[in-house]
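**Q** Mind looking at a prediction? Sequence and model below.
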Amino acid sequence: MNDDTIDPKGFIVTTALDLTLPASALTPGDTFALPENPGRPLIVETLYPHPGLPARLIITTHGQTTPFTLHPNEPVKPLRLLRTFDLTCQLCGNRKQQVLDLTVHGTPQTWVCNQH
Ligand SMILES: [Zn+2]
């Protein structure tokens, strides 16, 4: 099993990702853009609650010395969000882990493995 592949095997039914996500949905390694600057991809390095301001997140990104301070509900444009899912085949119960890019594949709902 190769967990690095993001080429889904078998047949996955997914729901498409929204065009924007709340900033709180980001995790380190995700690529996103701010709505006011959609052509500039940013890669999350760290993301943590602001120590002094409640309901604010501090997001540091690769290559940027100044971190962003965003409200957790502030919409951002997701560009690449890799997530690992545990999938169970609807027909035979076969299980596997699959890495998917939510912006390309969406969120898996049901899966049928490639044995059928
Ligand atoms: Zn199966």
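**A** Cool, got the structure.
**Q** Near the closest residue to residue 96 other than its chain neighbours, how many other residues are there?
**A** Distances taken as CB to CB, 6 or more residues apart in numbering place residue 87 nearest to residue 96, at 5.7 Å, with adjacent residues excluded. Where you see a C-beta, it was placed from the backbone N, CA and C, and this is true even at glycine. Using other CB atoms under 10 Å, residue 87 is surrounded by 20 other residues.
**Q** Quickly find the element holding residue 87.
**A** strand 82-88 (DSSP states H and E).
**Q** which residues does the closest residue to residue 47 other than its chain neighbours contact?
**A** Closest residue to residue 47 apart from its sequence neighbours, by CB to CB, 6+ apart: residue 59 at 4.9 Å. Neighbour list for residue 59: 23, 26, 44, 46, 47, 67, 68, 69, 70 [criterion: CB atoms under 8 Å, 6 or more residues apart in numbering].
**Q** pLDDT wise, what is the last one at?
**A** We have a pLDDT of 95 for residue 70.
**Q** For the residue most central in space within the chain, give its distance to the ion.
**A** Nearest to the mean C-alpha position of the chain, by CA atoms, centre = their mean, lies residue 81 at 2.7 Å. Distance of residue 81 to the ion, computed by CB to the ion, to the nearest Å: 26 Å.
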